[in-house]
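**Q** the following comprises the amino acid sequence and a computationally predicted model.
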Amino acid sequence: MLEVKGLRKVYSSGSREVEALRDLTFTVDNGDLVCLVGPSGCGKTTLLRCISGLLTPTSGSVRVNGDAVTGPPPGMAVVFQEYGRSLFPWMSVRDNVELPLKQKKVDRARRRELVDTALDAVGLSGTASAYPWQLSGGMQQRVAIARAVAYEPETLLMDEPFAAVDAQTRADLEDLVRSLWQRLKVTVLFVTHDIDEAVYLGRRVVMLSSSPTVVQDELVVDLPAERDQLNTRADPRFVELRTRVYEQIQKAKKAAVR
Amino acid sequence: MDILKKAGLAIALPIVLFAGWFWLSDGSENFYSPPLRTILTAFGDTWTLERLRTDVAPSLLRLLAGFLLAALIGIGLGVAIGLNRRLRAVLEPVLEFFRAIPPPVLVPVIMLFAGIGDGMKVIVIVFGCIWPILLNTVEGVRATDSVVLDTARAYGVTGPARLTRVILPSASPQIAAGLRQALSIAIILMVISEMFASSNGLGFTIVQFQRSFAIPEMWSGIILLGLLGFALSLLFRLAERWALRWYEGLRAAQRRAG
């Protein structure tokens, strides 16, 4: 279980202090897929960096299965928004996926198997020897997802991973994330600013307020587990849920203006 | 075809210049600027295999030793300074001062400490050409993308692997730029150190010819130096292009996208 409790982050430079996160408390059960959605500039990335142990919060705590996060936890993989900068351009696709496994001291045969399976799972079997920059944006993000999958994480954090890809690729990648989540039984925390995406993907949606951020609202997405781009998005229940999320986000924005 | 065209364009001007020199100097009666025909004859007579072994080889060896030593120290120190803010704050003003000293000035000083042997020449070369390597490495290491560093940390790429698989490759284009500058400085210092005090080497030989009024031979030595410098920089460029082919590809991909 991932527990975020009373999380607060204040950036200070000189005498100026900016409160990015005010007080965030929520939990993600093991095996759940939770989407965090909030207005732009609401500190989503700050939150994700705190959860992944890349940033130390000012106060409050993050716990993974009871253990406090003080640095990047071993069972956690992160997919960053900027795939172009997160993949190492000096390494082939295979080396990019394999490097974290080498660091985990996985033996060679098993590494090979993990890398091949992961690339296969994201539909990139033939591109292992290519460099990331030889691939399209959507394919690069697939490589980043393959790297996360091969890492065999218990928790997968995704920071607006599809914000920079085109709409059609985005739909494909959303379905990919759903199917990987169902197959691998990982816990997924998916950060996005796209309300439709949050409702379509998540089993739960946590809505954030504008910065300084608190949890605005939470809802359970009671759509069937089998979702597809056409029917699910046309489902009256989907429309209802997305309206509710939309209203909350609008409320959050108004509160910020005032 | 394309390569032939390029080679043709590259070689056209040198041919014209040489032909012009040949033609203009052909009837020259001036003792100090003999006809190119005489110089070329002297070239063949002077730079025999024996000469290459006794004078050119020692020069090149000292050049190589100095350059490699400077690369080793420069990159090592540069990485340490680039990674450590406090070290940078302490060392940067001192480094700027040392860099501002024209290295030939130090030849007499270094002679006092290191004598007039090979050691002195290597030290002069190291001292002169380490600066571009060092400063470029520092800048390259500092410019490592924050998303790259976050990715490495999140996936447990720490310790030596962080250095060899992430930071050094990321800084390598800039390090290569430093090495390229250093190479041309090293060639200059190789000649200068030999002109001060030596019993063999290219710089020594050219000064000997000049002092004994062997003017065509002196000119032929200068031509040889030019050819050597050109060949070395060509070799360096080839090695650089091979080692940084990912960088060329990445930049081309970014240009297409941008």
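**A** Received, thanks. Residues are numbered from 1 along each chain as shown, chains lettered A, B, ... in the order given.
**Q** list the contacts for the residue in chain B sticking out farthest from the centre?
**A** Largest separation from the mean C-alpha position in chain B: B:Ala154, at 39.2 Å (Cα atoms, centre = their mean). B:Ala154 sits next to A:52-54, A:72, A:76-78 when contact means Cβ atoms under 8 Å, 6 or more residues apart in numbering or on different chains. Backbone N, C-alpha and C define where each C-beta goes, glycine included.
**Q** out of everything not next to it in sequence, what's closest to A:Gln81?
**A** Distances taken as Cβ to Cβ, 6 or more residues apart in numbering or on different chains put A:Glu160 closest to A:Gln81, at 4.4 Å, once the chain neighbours are dropped.
**Q** tell me the confidence at that neighbour?
**A** Looking at A:Glu160, its pLDDT is 89.
**Q** what do you get for B:Phe236?
**A** Reported pLDDT for B:Phe236: 95.
**Q** what do you get for A:Arg258?
**A** 55.
**Q** what pLDDT is listed against whichever residue of the stretch 151-258 of chain A sits closest to chain B?
**A** Using Cβ to the nearest Cβ, the closest approach of the stretch 151-258 of chain A to chain B is made by A:Tyr151 at 6.6 Å. At A:Tyr151, the model reports a pLDDT of 93.
**Q** so B:Ile222 touches B:Val207, yeah?
**A** No: if you go by Cβ atoms under 8 Å, B:Ile222 and B:Val207 don't touch, sitting 11.4 Å apart.
**Q** now the most centrally placed residue in chain A: which helix or strand?
**A** Centroid-nearest residue in chain A, with Cα atoms, centre = their mean: A:Met158, separated by 1.6 Å. Per DSSP states H and E: A:Met158 is located in strand A:155-159.
**Q** for the helix or strand that that strand is followed by, name the packing helices and strands.
**A** As assigned by DSSP H and E, the chain's next helix or strand after strand A:155-159 is helix A:167-184. Packing partners of helix A:167-184 (3 or more Cβ pairs under 8 Å, 6 or more residues apart in numbering or on different chains; DSSP states H and E): helix A:137-150, strand A:187-192, helix A:195-201, helix A:229-234.
**Q** any chance of the ones you listed in a markdown table, plus distance to A:Lys9 and mean neighbour count?
**A** Converted to a markdown table, the helices and strands packed on helix A:167-184 look like this (distance: least, Cβ to Cβ, whole Å; neighbours: other Cβ atoms under 10 Å in any protein chain shown):
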| stretch | distance to A:Lys9 | mean neighbour count |
| --- | --- | --- |
| helix A:137-150 | 24 | 24 |
| strand A:187-192 | 15 | 25 |
| helix A:195-201 | 22 | 23 |
| helix A:229-234 | 35 | 12 |
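**Q** please name the nearest non-neighbouring residue to the residue of the stretch 1-150 of chain B at minimum distance from chain A.
**A** Closest residue of the stretch 1-150 of chain B to chain A, Cβ to the nearest Cβ: B:Val147 (3.9 Å). In this structure, B:Val147 finds its nearest non-sequential neighbour in A:Arg85, 3.9 Å apart by Cβ to Cβ, 6+ apart.
**Q** which intervals of chain A have sub-threshold pLDDT?
**A** In the predicted model of chain A, residues A:256-258 satisfy pLDDT under 70.
**Q** nope, the stretch 1-150 of chain B is what I meant
**A** B:1.
**Q** would you map the helices across it?
**A** B:2-25, B:36-46, B:49-51, B:57-83, B:85-100, B:106-114, B:118-142, B:146-154 (DSSP state H, counting those that start in this stretch).
**Q** buried sites along the first one?
**A** Using 16 or more other Cβ atoms under 10 Å in any protein chain shown as the test for burial, helix B:2-25 gives B:Ser25.
**Q** still on that earlier bit, my read: the residue nearest to B:Val147 touches B:Asp150, true?
**A** No: here A:Arg85 does not reach B:Asp150: they are 9.3 Å apart, not a contact under Cβ under 8 Å.
**Q** between those two, tell me which one has more neighbours.
**A** Remark: of A:Arg85 and B:Asp150, B:Asp150 carries more neighbours, 21 against 15, as counted by other Cβ atoms under 10 Å in any protein chain shown.
**Q** would you confirm that the more buried one contacts A:Phe80?
**A** Yes: B:Asp150 lies in contact with A:Phe80 (Cβ under 8 Å); the separation is 7.0 Å.
**Q** who touches both of these two?
**A** A:Ser86.
**Q** show me where chain A has its strands.
**A** A:2-13, A:16-28, A:33-37, A:59-64, A:67-68, A:76-79, A:155-159, A:187-192, A:204-208, A:213-220 (DSSP state E).
**Q** what's the closest of the ones you listed to B:Gly78?
**A** Across the strands of chain A, B:Gly78 has its closest neighbour in strand A:2-13 (28.0 Å, Cβ to Cβ).
**Q** now the closest one - C-alpha only, PDB.
**A** Below are the C-alpha coordinates for strand A:2-13, written out as PDB (Å, rounded to 0.1, in the frame of the first residue of the first chain):
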ATOM      1  CA  LEU A   2       1.100   3.500  -0.800                       C
ATOM      2  CA  GLU A   3       0.300   6.000   1.900                       C
ATOM      3  CA  VAL A   4       0.700   9.700   1.500                       C
ATOM      4  CA  LYS A   5       0.100  11.500   4.800                       C
ATOM      5  CA  GLY A   6       0.000  15.300   5.500                       C
ATOM      6  CA  LEU A   7       2.500  15.900   2.700                       C
ATOM      7  CA  ARG A   8       3.700  19.500   2.400                       C
ATOM      8  CA  LYS A   9       6.400  20.900   0.300                       C
ATOM      9  CA  VAL A  10       7.600  24.500   0.500                       C
ATOM     10  CA  TYR A  11      10.300  25.700  -2.000                       C
ATOM     11  CA  SER A  12      12.400  28.500  -0.600                       C
ATOM     12  CA  SER A  13      14.800  30.600  -2.500                       C
END
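**Q** that one versus strand A:33-37: what angle between them?
**A** Per axes from the mean of the first three to the mean of the last three Cα atoms, to 10 degrees, the angle that strand A:2-13 makes with strand A:33-37 is 30 degrees.
**Q** report the buried residues of strand A:2-13.
**A** A:2-4, A:7-9.
**Q** more neighbours, B:Ile222 and B:Val207?
**A** B:Val207 (18 against 15).
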